[in-house]
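Novice: Coordinates only, no sequence provided:
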Ligand code: PLP
């Protein structure tokens, strides 16, 4: 069990309890930005993942959405967790999750965070350099290590291979160094980058991991765990959907070819976006408006919204293509104008999308609704310029209750049971 983040609100059936911090009022200002989060959706996404890749155990990537409600529900559903820092480890361990269900999957870790993992029995760690091995040998000699491989991640919206991952050529040396330091390497990991657009990115990475396993055995390591990372697309993407047979088929075929079940290798993954993208819908209010006449006589509209880049719309972690928001106001099709959507802060780069979107003429006070806002939104927001992150309103329906996950209230605090 765990208490929810202070700036949240929980609604379950008839009951509705405010969990807002003092000063913001029971409902906050009626025009503050908010998100509606559907906890039942987590059960559907978990089921979809397990059905598509039954041979793979999901370790949810906490960084994607670290809401205590999300972590509680996923812990109850039985996922493992991918943590990137001590705070994330504390959050997950604080829910009573066994350390064996956690991977500390950041190849560059502060020494104090490594010591925390060692003290709390979190053994599975990733590394990609000799320097990291030296640190782990000093602070967590009993760790079970996964060697993170560099991948070809050009097909992802957010590639990471320039920052993390060892080249295949460097692996032999890293494996012998680990052995010489008395460290146990138990497998390999990779990450194809977030919002990967093709399952083929996994095929080469899985084949490379097989080579690392052979090198590892040669160096005397007991290689028994393969971590295929995250990167699986969310539901609303324009690219090939995970549920389509190509994803399931391509990844399963690669696993069957390079890691057939009879070899007894445990396969894990670190999905984030796949679980979270469809989890939240954001409602954002227009707080100011400006109409500008362009030189050719066309009308350009600028809307200033009460949520933006420093809140739920972090540009770097969303697709550059704008999603046309649903306009609450209109029933029929009104004329559309090119519009720039700005966030509320004084930073000129605080805009929701790099390109303009086409919208009907709107007024101050109107609402825009954005679906699929659960991944890398609230977990990346801050209160720059004094604009607080959107309040999150959690709902729970019959699906979780059928699975035995419920909510209990004690002295005004809600806990998941
Ligand atoms: N694993 C690692 C190592 C990551 O760095 C990330 C995201 O940055 C994830 C998993 C989650 O990725 P995604 O949300 O694309 O599934």
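Specialist: Sure, I can see it. Model, not experiment: these values are computed from the prediction.

Novice: so where's the stretch 51-200 of the chain uncertain?
Specialist: Within the stretch 51-200 of the chain, the stretches with pLDDT under 70 are 153-160.

Novice: would you list every one of the strands in it?
Specialist: 56-61, 80-83, 102-104, 124-127, 144-149, 156-158, 184-190, 194-196 (DSSP state E, counting those that start in this stretch).

Novice: Now render the ones you listed as CSV, adding mean neighbour count and distance to residue 408.
Specialist: From N, CA and C alone the C-beta is placed, and that goes for glycine too. As requested, those are exported to CSV (neighbours: other C-beta atoms under 10 Å; distance: least, C-beta to C-beta, whole Å):
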stretch, mean neighbour count, distance to residue 408
strand 56-61, 24, 23
strand 80-83, 26, 23
strand 102-104, 25, 25
strand 124-127, 25, 32
strand 144-149, 25, 36
strand 156-158, 19, 38
strand 184-190, 25, 37
strand 194-196, 26, 35
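
Novice: Could you dump those into TSV with distance to the ligand added?
Specialist: Output for those, formatted as TSV (distance: least, C-beta to the nearest ligand atom, whole Å):
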stretch	distance to the ligand
strand 56-61	4
strand 80-83	5
strand 102-104	9
strand 124-127	7
strand 144-149	8
strand 156-158	7
strand 184-190	8
strand 194-196	3
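
Novice: With distance to residue 115 as new columns, can those be given to me in TSV?
Specialist: Listed next are the strands of the stretch 51-200 of the chain as TSV, based on distance: least, C-beta to C-beta, whole Å:
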stretch	distance to residue 115
strand 56-61	22
strand 80-83	15
strand 102-104	12
strand 124-127	12
strand 144-149	16
strand 156-158	30
strand 184-190	18
strand 194-196	29
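
Novice: does the ligand sit close to the helix or strand harbouring residue 276?
Specialist: Assigned by DSSP states H and E, residue 276 falls within helix 273-276. Yes. Counting by C-beta under 6 Å from any ligand atom, the ligand is contacted by helix 273-276 at 273, 274.

Novice: Give the next helix or strand downstream of that helix.
Specialist: strand 280-293.

Novice: in its sheet, what does that next one sit against?
Specialist: As defined by DSSP bridges, the strand partners of strand 280-293 come to strand 34-38 (antiparallel), strand 299-305 (antiparallel), strand 367-370 (antiparallel).

Novice: Any buried residues in the helix holding residue 276, and which?
Specialist: 273, 274, 275, 276 (16 or more other C-beta atoms under 10 Å).

Novice: The ligand: which of those residues is nearest?
Specialist: residue 273 (3.6 Å; C-beta to the nearest ligand atom).

Novice: Skip the chain neighbours and tell me the closest residue to that closest one.
Specialist: Excluding its sequence neighbours, the residue lying closest to residue 273 (C-beta to C-beta, 6 or more residues apart in numbering) is residue 375, at 4.2 Å.

Novice: what about the one you found, how many neighbours?
Specialist: 26 (other C-beta atoms under 10 Å).

Novice: Hmm, residue 234 and it touching each other?
Specialist: Yes. Between residue 375 and residue 234 there is a contact under C-beta atoms under 8 Å: 6.0 Å.

Novice: between those two, what contacts are shared?
Specialist: Residues touching both residue 375 and residue 234 (C-beta atoms under 8 Å, 6 or more residues apart in numbering) are 273, 276, 277.

Novice: Not counting its neighbours along the chain, what's nearest the residue nearest to the spatial centre of the chain?
Specialist: For the chain, residue 64 is the residue whose C-alpha lies nearest the centre (C-alpha atoms, centre = their mean; 2.1 Å). Distances taken as C-beta to C-beta, 6+ apart put residue 272 closest to residue 64, at 3.0 Å, once the chain neighbours are dropped.

Novice: Thought residue 58 was touching the one you found, still the case?
Specialist: No. Between residue 272 and residue 58 there is no contact under C-beta under 8 Å: 10.1 Å.

Novice: how about the helices in the stretch 251-400 of the chain?
Specialist: 273-276, 398-402 (DSSP state H, counting those that start in this stretch).

Novice: Least reliable of these by average pLDDT, please.
Specialist: With a mean of 83, helix 398-402 has the lowest mean pLDDT of those.

Novice: quick revisit: of the strands paired with strand 280-293, which stretch is the most buried?
Specialist: strand 34-38 (a mean of 23; mean count of other C-beta atoms under 10 Å).

Novice: So what touches that one?
Specialist: Residues contacting strand 34-38 (C-beta under 8 Å, 6+ apart): 28, 67, 69-70, 279-283, 312, 373-374, 377-378, 390-395, 397.

Novice: ok, now stretch 326-334?
Specialist: With C-beta under 8 Å, 6+ apart as the criterion, stretch 326-334 contacts 359, 360, 361, 362, 366, 367, 368, 369, 371.

Novice: Look up the closest residue to the first one, ignoring the ones flanking it.
Specialist: This points to residue 359. Using C-beta to C-beta, 6+ apart, the closest residue to residue 359 is residue 339 (4.6 Å).

Novice: related to what we said a few turns ago, ok, the residue nearest to residue 273 to the ligand distance?
Specialist: With distances taken as C-beta to the nearest ligand atom, to the nearest Å, residue 375 is found 6 Å from the ligand.

Novice: what does the model give that residue for pLDDT?
Specialist: The model's pLDDT for residue 375 equals 93.

Novice: Kindly report the same for residue 314.
Specialist: At residue 314, pLDDT is 86.

Novice: That one contacts residue 377, correct?
Specialist: Yes. With contact defined as C-beta under 8 Å, residue 314 reaches residue 377; the gap is 7.1 Å.

Novice: Mind checking which of these two has more residues around it?
Specialist: Neighbours were counted for residue 314 and for residue 377 using other C-beta under 10 Å; residue 377 has more, 28 against 17.

Novice: List the residues that contact that one.
Specialist: With C-beta under 8 Å, 6+ apart, residue 377 has these contacts: 35, 65, 280, 282, 312, 313, 314.

Novice: interface residues of the chain facing the ligand?
Specialist: Residues of the chain lying near the ligand (C-beta under 6 Å from any ligand atom): 61, 63-64, 82, 105, 160, 191, 194, 229-232, 270-274.
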